[in-house]
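Q: structure for the following, please:
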Amino acid sequence: MAHGNFTQVTEFILTGVSERPDLQIPLFFVFLVIYGLTVTGNLSIITLTSVDSRLQTPMYFFLRHLAIINLGNSTVIAPKMLINFLGKKHTTSYYECAIQLGGFLFFIVAEVLMLAVMAYDRYVAICKPLLYMAVVSRQVCFLLVSLTYLYGFSTSIVTSFSVFSMAYCSLNVINHFYCDTVPLLALSCSDTSFPETAVFVSASTNLTFSITVVVASYFNIILSILKIHSSEGRKRAFSTCASHMTAVSVFYGTLLFMYLQPRNNHSLETDKMASVFYTLVIPMLNPMIYSLRNKDVKAALKRFLTNSCC
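A: Numbering: from 1, shown residues only. Sure thing, here's the model as predicted:
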């Protein structure tokens, strides 16, 4: 679609995390380590929760899918980012950019919902323990995960289509290290009011729904924990959801900072740093958060290593 004397963009240039040439190699090794730890940690969680018979519970079923989502989200971003650190031309084709945006949106929306599902799981486990296996049955687990992926996929398709239905003329330099909605729409030579509104409404709705579920779940969890008479019982109940509370606080805090700012207050440089955190750092941290504070996962890892060595 050409407008006037403008030529339709066929490729985009990503400025990356930093445009300073002297930082490209050091940043390559920093993010290579981060991505390596992300792959190792999340694959470990996926493997342990798949093969260990003592981790076949709804909580670990959801944790396995969170690890799949974290691994997918990081993999959509990191390999292309690492290649660009070493190359002179930081280009990405029009369709490659569309695919990356779609993959990123799919995984980020799925993560938002999966954290809400995991909060609901902890609510039922602590507040309604006698009904736990009936309420969070195997069928319900599969249904919740399937709906999470389906909603993530549909949101990804609709949002990506609305962003790439805009005309991109002569400007093709994306001030980011991956293809994201805000820096892409900033380049469009069309009226972007509709996709900007759609993105804002979608992000706000997803975050509001998810945070409401999380806050309501933990409000009831805290009330239930306070009713436990023994300090040991309170400590045990709190320990089952402490890791999730940590992961939720870090993830939602970053997303709220990133997406719920008015357009005129947006700083793309600040957004870059926030994006590094929730696309690359959080997927690396989550396996550590869920394993270092979890006796079951650490025990499963010991059993797995012992059986592998025998």
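Q: for the spatially most central residue of the chain, what are its contacts?
A: Taking CA atoms, centre = their mean as the criterion, Ile108 is the residue nearest the geometric centre of the chain, at 4.0 Å. Counting by CB atoms under 8 Å, 6 or more residues apart in numbering, Ile108 touches 73, 278-279. Any C-beta I mention is one placed from the backbone N, CA and C, and that applies to glycine too.
Q: can you do 7 Å?
A: Asn73 (CB atoms under 7 Å, 6 or more residues apart in numbering).
Q: so what's it scoring on pLDDT?
A: On pLDDT, Ile108 comes in at 93.
Q: next secondary structure after the one helix or strand it maps to?
A: Using DSSP states H and E, Ile108 maps to helix 94-127. Proceeding N to C from helix 94-127, the next assigned helix or strand is helix 132-135, under DSSP H and E.
Q: buried residues, that next one. List them.
A: Neighbour-count burial for helix 132-135 flags Tyr132 (criterion: 16 or more other CB atoms under 10 Å).
Q: swap in stretch 226-238?
A: Residues of stretch 226-238 classed as buried by neighbour count (16+ other CB under 10 Å): Ala237.
Q: just checking, Ile13 is part of a helix?
A: No. Applying DSSP: H, G, I helix; E, B strand; the rest coil, one finds Ile13 to be strand, outside a helix.
Q: which residues does it bridge with?
A: Beta-bridge pairing of Ile13 under DSSP bridges involves Thr91, Val173.
Q: distance of Ala125 relative to Phe194?
A: Ala125 is 43 Å from Phe194, where distance means CB to CB, to the nearest Å.
Q: who has more neighbours out of these two?
A: The neighbour comparison of Ala125 against Phe194 (other CB atoms under 10 Å) goes to Ala125, with 21 against 12.
Q: so what's the more buried one closest to, chain neighbours aside?
A: Tyr132 (5.3 Å; CB to CB, 6 or more residues apart in numbering).
Q: rewinding a little: from the chain's centre, how far out does the helix holding Ile108 sit?
A: 6 Å (CA atoms, centre = their mean, to the nearest Å).
Q: again, but for stretch 177-184
A: The chain centre lies 16 Å from the centre of stretch 177-184; the measure is CA atoms, centre = their mean.
Q: mind checking the pLDDT average for that stretch?
A: Regarding stretch 177-184, the rounded mean pLDDT is 89.
Q: please apply the same query to stretch 207-223.
A: Rounded mean pLDDT across stretch 207-223 is 91.
Q: nearest residue to Ile221 in space, please, no chain neighbours.
A: Spatially, and ignoring its direct neighbours in sequence, Ile221 is nearest to Ile126 (5.1 Å; CB to CB, 6+ apart).
Q: again, but for Ile211
A: Closest to Ile211 by CB to CB, 6+ apart is Tyr252, at 6.1 Å.
Q: now for that neighbour, how many residues are close by?
A: By other CB under 10 Å, 19 other residues sit near Tyr252.
Q: repeat that for Leu23.
A: 14.
Q: how far away is it from Thr192?
A: 32 Å.
Q: read off the pLDDT value for the nearest residue to Met118 once chain neighbours are set aside.
A: Nearest residue to Met118, sequence neighbours excluded (CB to CB, 6+ apart): Phe62, at 4.8 Å. Phe62 is assigned a pLDDT of 95 by the prediction.
Q: begin at 20, not 1, for the rest of this chat.
A: OK, 20 is where the count begins now, so the last one is Phe81.
Q: for whatever helix or strand Phe81 lives in, which positions count as buried?
A: Secondary structure assignment for Phe81, by DSSP H and E: helix 77-105. Within helix 77-105, the residues that qualify as buried by neighbour count (16+ other CB under 10 Å) are 77-97, 99-101, 103-104.
Q: quick check, distance from stretch 217-230 to the centre of its chain.
A: Per CA atoms, centre = their mean, the centroid offset for stretch 217-230 relative to its chain is 14 Å.
Q: may I see the buried residues of that stretch?
A: 218-219, 221-222, 225-226, 229-230.
Q: I would like the residues contacting that stretch, please.
A: When contacts are defined by CB under 7 Å, 6+ apart, stretch 217-230 is touched by residues 128, 131-132, 134-135, 174, 178, 181, 200, 271, 274-275, 278-279.
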